[in-house]
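Enquirer: Show me how the following folds:
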Amino acid sequence: MVDQTNTSQQTENAPSVGIEIKGLYKIFGPTPEKFLDDVKGGMTKEELRDSHGHVLGLKDINISMKPGGIQVVMGLSGSGKSTLIRHINRLIDPTAGELFVGNQDVVKMNDAQLREFRRAQTAMVFQKFALMPHYTVLENTEFGLEIKGESRKKRRLEALRWIERVGLAGYEDSYPNQLSGGMQQRVGLARALTNDAPVLLMDEAFSALDPLIRTDMQSVLLDLQQELGKTIVFITHDLDEALRLGDQVAILRDGEVVQQGTAQQIVLKPADDYISSFVRDVNRGRVIRCKTLMQPGPAVDGPQVDSSLVIEEAARLLSAEGKESANVVSAKGKLLGVISMSDIIGAMVPPQEDAISVT
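Expert: Below you'll find the predicted structure:
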């Protein structure tokens, strides 16, 4: 078993920080500043490309990411999501805008400050694992601490702890080519966590994995996040993954944020036809929570369900106990309202005009 005291101490050493992105623009090309005012004035991505040979990567991005939460950025290929995450650790320099991680303005950092920021404040998990093939699992996992100049004893201790936490105990001396894709990504996650940075950047981290392994890795991440409370920015093109992982979700199209909010807000109140096309086939039972459907009233003869529980799980509980209604309670057990099986079924298979109010 892992020493939970040590793990807690590690987390306390890297308190969560929020991320604030304000008015962020990125134009790719030899003279991007020359066309910034035109883009701000309404020049389209196509006009910029066809008339001036420049590419609009990001346009007026404004996202506030809460400390200790998972912010998912979703979009199709070319939407700008990977460009956006690379601005957070300034692997890409913006054309204009501000980007604060905690109280640090990343845009204004000099080279020395930026190097220290990358070493101490952020860690990144890549789609293609980015493991060094000639390093063992243990050596790959401790690599970040080696770069920091930590002692061999300390980096080994931390690496071994996180290797165990991601389920790879016994594989410390294996090489990447001896591991499956899912196992390699666990090494990448262990390496990022060993670095003990408050911000974890995950760029399509699970998209190269088979569906079952991908679901398993999502569960690993959610379980770890409950304990660690990192500020995670997770990039994906998969809506189900976005809705499962994200405390908040921002959907990009052509470098612009089309909609941002909770999973419920996006599924139940899509901003436009583009978002509607994404969410049309979503399993609402895994997104809508009991607090959204509950009705005021006295306690009923039925089980208790947490207000944050998704309605699919509430339906399963009601079915198992043969009850029609359940009492919806707060985390502290206070009665908030009641929810019925008929309301759950109606929400999971909604009428053409959706009238559910999202709170």
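Enquirer: For residue 315, see how far away residue 349 is.
Expert: 12 Å (CB to CB, to the nearest Å). Every C-beta, even on glycine, is put in place using the N, C-alpha and C of the backbone.
Enquirer: Looking at those two, which is more packed in?
Expert: The neighbour comparison of residue 349 against residue 315 (other CB atoms under 10 Å) goes to residue 315, with 19 against 9.
Enquirer: Would you confirm that that one contacts residue 342?
Expert: No - at 10.6 Å, residue 315 does not count as touching residue 342 under the criterion of CB atoms under 8 Å.
Enquirer: Pairing partners for the residue nearest to the spatial centre of the chain in the sheet, please.
Expert: Of all residues in the chain, the one closest to the mean position by CA atoms, centre = their mean is residue 234, 3.2 Å from it. Bridge pairing for residue 234 (DSSP bridges) gives the partners residue 72, residue 202.
Enquirer: which ones are touching it?
Expert: 70, 71, 72, 73, 202, 205, 242, 245, 246 (CB atoms under 8 Å, 6 or more residues apart in numbering).
Enquirer: measure it to residue 308 for me?
Expert: Taken as CB to CB, the span from residue 234 to residue 308 is 20 Å.
Enquirer: Residue 159 too?
Expert: Residue 159 sits 34 Å away from residue 308, going by CB to CB.
Enquirer: For those two, indicate the residue with more neighbours.
Expert: Neighbours were counted for residue 159 and for residue 308 using other CB under 10 Å; residue 159 has more, 25 against 11.
Enquirer: And the strands in this protein?
Expert: 19-28, 55-65, 70-74, 96-101, 104-105, 122-125, 199-203, 231-236, 248-253, 256-261, 304-306, 325-329, 335-340 (DSSP state E).
Enquirer: and the ones you listed as CSV, adding distance to residue 85 and mean pLDDT?
Expert: Listed next are the strands of the chain as CSV, based on distance: least, CB to CB, whole Å; pLDDT from 0 to 100:
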stretch, distance to residue 85, mean pLDDT
strand 19-28, 11, 97
strand 55-65, 11, 96
strand 70-74, 7, 95
strand 96-101, 11, 96
strand 104-105, 17, 94
strand 122-125, 8, 89
strand 199-203, 5, 94
strand 231-236, 5, 95
strand 248-253, 11, 94
strand 256-261, 14, 95
strand 304-306, 32, 93
strand 325-329, 36, 95
strand 335-340, 37, 94
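Enquirer: Among those strands, which comes closest to residue 319?
Expert: strand 325-329 (11.0 Å; CB to CB).
Enquirer: tell me what that closest one is packed against?
Expert: In this structure, strand 325-329 packs against helix 290-293, strand 304-306, helix 311-321, strand 335-340, with contacts taken as 3 or more CB pairs under 8 Å, 6 or more residues apart in numbering; DSSP states H and E.
Enquirer: could you dump those to TSV with distance to residue 101?
Expert: Below are the helices and strands packed on strand 325-329 laid out as TSV (distance: least, CB to CB, whole Å):
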stretch	distance to residue 101
helix 290-293	31
strand 304-306	32
helix 311-321	35
strand 335-340	36
